[in-house]
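In: Sequence plus predicted model, see below.
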Amino acid sequence: MRVLALTLLLLLPTGLYARGTAPSIHVVYPKPDQTVHAVDSTFIFGHVTNAPDNDNWFLEINGAQVNVHSDGGFLAFLPVAAGAFSFDLALKSTRADNLTLAETSVPVNIPVPVHTLSMDSLAIVRDHNPPLGDLVLATGDELRVSFWGTPNCRAWFSIQGVIDSVPMAETPPEQQPYWGEAVFGVGAVPDTMLVGGIYTGFYEVPESVSVADTNIVYHLAPPSREQLAEFILSHPHRLSVRTLIEYLEGVEINTISGYTVSLNPPDYPFTVEFSDSVQILRHGPRKGYFSIFQTEGIRALVVGREGDWYRMRLSHSQYAWADSVSVMKLATGMVPPHSFIRSIRTSGDEMQLRVEFPLKGRHPFRIYEDDPRTIRIQLFGVTTDTDWIRYDADDPLVEMATWSQPEDGMYEFRLNLTQDIWGYDSFYEGNTFVFQLNKAPERVGSLWGKTIVVDPGHSPDPGAIGPTGYTEAEANLGISLKLEQELKKKGARVIMTRRDSSPLSLYDRPIIANEVEADLFVSVHNNALPDGVDPYENYGTSAYYYHPHSAGLARSILEQIVRHTGQPNHGFYHGNLAVQRPTQYPAVLVECAFQIIPEWEARLKTDNFRRKIARAITQGIENFLESYDDRN
């Protein structure tokens with residue numbers, strides 16, 4: 001066989017290896033032995049080097065012919081099968097009976113989807129959606145319990161030393177979620193992937209119970225005789241004789257949960273003090289943000305725990321969660337502060353408006369942008385005694401300031417403004433809470449004199465990598481340097497977070513913007529997709545904001561990139577991204593193009609395309625500024 005291949009190579013026309021080196025195939029993604037989280041299809045990309053200088057060859061992956069870009073890059077979206085799987089790539093000649101010129105294989109692992117268990121055995125597999133660790137609950141809390149096991153059976157749970165039998169119900173079959181598909185595409189998770197045998201139940205903690213570190217026990221028993229008869233009639237070949245006998249004998253199984261619970265333990269509640277300089281409060285452990293930028297020294301009452309996360313009671317009905325490593329437990333008997341606000345005063349200058357709230361201690365807080373001209377501030381552990389609100393007579397920015405007490409322990413202050421929100425800050429000076437509203441820069445309708453921070457995303461990490469190995473960090477910098485030129489032509493003062501491949505921490509980038517008192521912040525990126533999402537159906541340009549006062553800038557830039565480059569609009573997103581969280585100025589992140597698509601990767605390497613994007617972003621900023629000026 002080798003002799004035949006060699007003979008065919010010698011018979012190939014002159015010029016097949018015109019570059020003097022044998023062709024080769026390089027797969028950039030996925031990597032060998034990688035776990036690829038896909039359901040039925042996923043993408044593979046890379047590049048071909050030293051290909052013949054003619055069109056008499058083609059690339060084949062798992063039997064499918066794949067297009068190769070003129071610079072060698074390729075991308076394919078192909079079927080996969082669960083378990084050990086291999087992408088087999090071959091470069092073949094069309095002039096010698098498809099002689100293989102180069103080949104390689106990439107073994108990967110495709111996780112086997114969860115399937116409903118067979119009724120032919122009674123089994124409890126594991127906890128379903130368990131907590132992040134051991135639980136601490138208080139009176140009135142709900143202990144929610146769930147496990148996965150054999151469907152169509154009877155289930156209950158017990159709490160050792162507390163209660164012997166709490167009924168559980170089997171839920172309708174659940175679809176396995178996939179966040180990447182929900183955000184970036186449509187249709188990657190088929191409806192057929194439904195999982196039955198999920199049992200749930202709950203127990204409300206009474207005041208009379210106090211126990212520490214006890215176990216939950218799951219119990220599973222066969223269906224009742226009536227249910228079993230109905231199942232056999234509708235599924236006559238699903239149960240073996242052995243299983244049927246066991247079910248009729250009423251066999252029962254049980255297992256212990258993978259976590260413990262404590263109910264009203266004696267060392268709870270207690271007070272903690274925030275020890276991190278900037279703390280984030282969440283709606284649940286590792287869940288969405290309740291409030292950001294809580295400062296060091298704030299105190300709150302801990303009433304529960306899940307794993308390493310503390311549950312804090314902030315007011316009568318408001319609870320939030322914080323990572324236990326970012327707080328310090330105070331001595332037993334120490335209570336959080338309770339303050340009464342008697343008076344509030346505003347003061348302003350050309351740059352800012354300050355609102356000061358004198359308090360007895362540092363309280364947790366939350367800030368809402370209800371609409372472009374309304375700010376709502378909530379202070380927890382605070383009660384109103386407000387008789388006076390003094391406005392700065394020389395500052396017309398505040399139209400009206402009002403307060404309310406929505407519930408015990410929550411004081412709410414509302415600012416109605418005469419102009420749209422530009423940015424703001426919130427912090428403590430001693431025990432005085434300060435809300436600082438940043439005013440729009442002078443001559444807001446023009447780029448002239450504006451301080452704009454341009455952030456080329458990534459570095460030291462490469463970010464997304466294109467089929468030929470071109471990194472997102474390189475592409476972002478190339479676009480950003482062109483953007484700097486375009487903005488400077490318009491008279492803007494441009495601050496680059498990096499000008500080369502020097503490493504820069506993600507969290508240092510907003511610090512740079514604050515140090516230079518940025519008017520605007522734009523982070524430049526290029527995109528990739530999660531496993532299993534079709535890149536031929538889901539691509540284009542997109543823009544992201546976090547705070548509502550940044551949404552207009554993101555939308556304006558997105559519109560211009562779509563218009564200037566001809567790319568599809570891949571979406572306007574609210575995104576919880578670190579560089580967008582600062583509140584002091586409008587901050588956006590743009591995903592200019594999809595790095596992993598060969599055609600767009602090739603464009604990103606060219607000065608012409610980079611300049612197109614830079615001009616589009618510049619025009620988007622100008623349109624945003626002009627629109628703000630018109631409205632205000």
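Out: Nice, thanks for sending it over.
In: any idea how far Gly463 is from Tyr29?
Out: 13 Å (C-beta to C-beta, to the nearest Å). Glycine gets a C-beta too; all of them are placed from N, C-alpha and C.
In: Oh, that last question was meant for Gly430, not what I typed.
Out: On the measure of C-beta to C-beta, Gly430 and Gly463 end up 42 Å apart.
In: ditto for Ile452
Out: Applying C-beta to C-beta to Ile452 and Gly463 gives a distance of 22 Å.
In: again with Leu577
Out: 13 Å.
In: returning to that earlier point: higher neighbour count, Ile452 and Gly463?
Out: The neighbour count for Ile452 versus Gly463, taken as other C-beta atoms under 10 Å, is higher for Ile452 (24 against 19).
In: list the contacts for that one?
Out: When contacts are counted by C-beta atoms under 8 Å, 6 or more residues apart in numbering, Ile452 touches 487, 492-495, 518-522, 621.
In: And for Ile344?
Out: Contacts of Ile344 (C-beta under 8 Å, 6+ apart): 355-357, 386, 388-390, 401, 403, 413.
In: Out of those residues, name the ones that lie in strands.
Out: 355-357, 386, 388-390, 401, 403, 413 (DSSP state E).
In: Only the buried subset of the residues you listed, as a ChimeraX command please.
Out: Entered in ChimeraX, the line below selects the buried ones among the ones in strands among the contacts of Ile344, by 16 or more other C-beta atoms under 10 Å:
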select :355,356,357,386,389,401,413
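In: With pLDDT and distance to Thr104 added, can I get the ones in strands among the contacts of Ile344 in TSV?
Out: Formatted as TSV, the ones in strands among the contacts of Ile344 follow (pLDDT from 0 to 100; distance: C-beta to C-beta, whole Å):
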residue	pLDDT	distance to Thr104
Val355	95	64
Glu356	95	67
Phe357	95	65
Thr386	87	72
Trp388	86	77
Ile389	86	72
Arg390	88	74
Ala401	92	68
Trp403	94	69
Phe413	96	64
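In: Output the ones in strands among the contacts of Ile344 in a markdown table; the columns should cover distance to Pro285.
Out: As requested, the ones in strands among the contacts of Ile344 are exported to a markdown table (distance: C-beta to C-beta, whole Å):
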| residue | distance to Pro285 |
| --- | --- |
| Val355 | 33 |
| Glu356 | 34 |
| Phe357 | 30 |
| Thr386 | 35 |
| Trp388 | 41 |
| Ile389 | 38 |
| Arg390 | 42 |
| Ala401 | 36 |
| Trp403 | 33 |
| Phe413 | 30 |
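In: which one of the ones in strands among the contacts of Ile344 sits closest to Ala123?
Out: Among the ones in strands among the contacts of Ile344, Phe413 lies closest to Ala123 (C-beta to C-beta), at 56.3 Å.
In: Could I get the full set of strands for the stretch 1-150 of the chain?
Out: 24-29, 41-49, 57-61, 64-66, 73-79, 83-93, 100-110, 124-127, 135-137, 142-149 (DSSP state E, counting those that start in this stretch).
In: contacts for the third one?
Out: Contacting residues not belonging to strand 57-61 are listed as 23, 25, 44, 48, 51, 65-68, 74, 76, 78, 87-94, 101 [C-beta under 8 Å, 6+ apart].
In: tilt between it and strand 24-29?
Out: 40 degrees (axes from the mean of the first three to the mean of the last three C-alpha atoms, to 10 degrees).
In: What's the mean pLDDT across strand 57-61?
Out: The average pLDDT within strand 57-61 is 94.
In: For the chain, give me the ranges with low pLDDT.
Out: The chain contains residues with pLDDT under 70 at 1-20, 96, 175-193, 228-249.
In: Tell me which stretches of it form helices.
Out: 2-11, 179-184, 225-234, 241-248, 472-489, 508-515, 551-565, 598-604, 607-631 (DSSP state H).
In: With mean neighbour count and distance to Arg376 as added columns, please give those helices in JSON lines.
Out: Output for those, formatted as JSON lines (neighbours: other C-beta atoms under 10 Å; distance: least, C-beta to C-beta, whole Å):
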{"stretch": "helix 2-11", "mean neighbour count": "10", "distance to Arg376": "75"}
{"stretch": "helix 179-184", "mean neighbour count": "16", "distance to Arg376": "29"}
{"stretch": "helix 225-234", "mean neighbour count": "12", "distance to Arg376": "53"}
{"stretch": "helix 241-248", "mean neighbour count": "13", "distance to Arg376": "59"}
{"stretch": "helix 472-489", "mean neighbour count": "22", "distance to Arg376": "34"}
{"stretch": "helix 508-515", "mean neighbour count": "16", "distance to Arg376": "24"}
{"stretch": "helix 551-565", "mean neighbour count": "21", "distance to Arg376": "17"}
{"stretch": "helix 598-604", "mean neighbour count": "22", "distance to Arg376": "42"}
{"stretch": "helix 607-631", "mean neighbour count": "19", "distance to Arg376": "21"}
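In: Identify whichever of the ones you listed lies nearest to Phe435.
Out: helix 508-515 (16.7 Å).
In: Which residues does that closest one contact?
Out: Residues contacting helix 508-515 (C-beta under 8 Å, 6+ apart): 453, 455, 495, 497, 521, 523, 578-579, 581-582, 584-585, 587.
In: In CSV, list the strands of the stretch 1-150 of the chain along with distance to Ala331.
Out: Below are the strands of the stretch 1-150 of the chain laid out as CSV (distance: least, C-beta to C-beta, whole Å):
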stretch, distance to Ala331
strand 24-29, 54
strand 41-49, 55
strand 57-61, 65
strand 64-66, 67
strand 73-79, 60
strand 83-93, 56
strand 100-110, 51
strand 124-127, 36
strand 135-137, 19
strand 142-149, 29
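In: list the buried ones in stretch 578-590?
Out: Going by 16+ other C-beta under 10 Å, stretch 578-590 has these buried residues: 579-590.
In: Ok, stretch 37-48 next?
Out: 38-39, 42-48.
In: Now for those: which two are most distant?
Out: Val39 and Val48 (28.5 Å).
In: which ones are touching Ser257?
Out: 127, 130, 145, 147, 215-218.
In: Go again with 7 Å.
Out: 127, 215-216, 218 (C-beta atoms under 7 Å, 6 or more residues apart in numbering).
In: ok, these vs Asn569, which is closest?
Out: Asp127 (41.9 Å).
In: The closest one - how many residues pack around it?
Out: Other residues close to Asp127 by other C-beta under 10 Å number 17.
In: Nearest residue to it in space, please, no chain neighbours.
Out: Nearest non-adjacent residue to Asp127, counting by C-beta to C-beta, 6 or more residues apart in numbering: Gly258, 5.2 Å away.
In: same check, this time on Leu135
Out: Val261 is the one closest to Leu135 (C-beta to C-beta, 6+ apart), at 4.6 Å.
In: Next: Ser291.
Out: Ser291 sits nearest to Arg366 (C-beta to C-beta, 6+ apart), 4.0 Å away.
In: That neighbour is in contact with Arg376, isn't it?
Out: No - between Arg366 and Arg376 there is no contact under C-beta atoms under 7 Å: 8.6 Å.
In: So which of those two has more stuff around it?
Out: Per other C-beta under 10 Å, whichever of Arg366 and Arg376 has more neighbours is Arg366, with 21 against 15.
In: quick one: that one and Leu135, what's the gap?
Out: 25 Å.
In: And Asp97, by the same measure?
Out: Taken as C-beta to C-beta, the span from Asp97 to Leu135 is 67 Å.
In: Same check on Arg225?
Out: For Arg225, the distance to Leu135 - C-beta to C-beta - is 37 Å.
In: and of the strands of the stretch 1-150 of the chain, who's closest to Ala602?
Out: Judging those by C-beta to C-beta, what sits closest to Ala602 is strand 73-79, at 6.9 Å.
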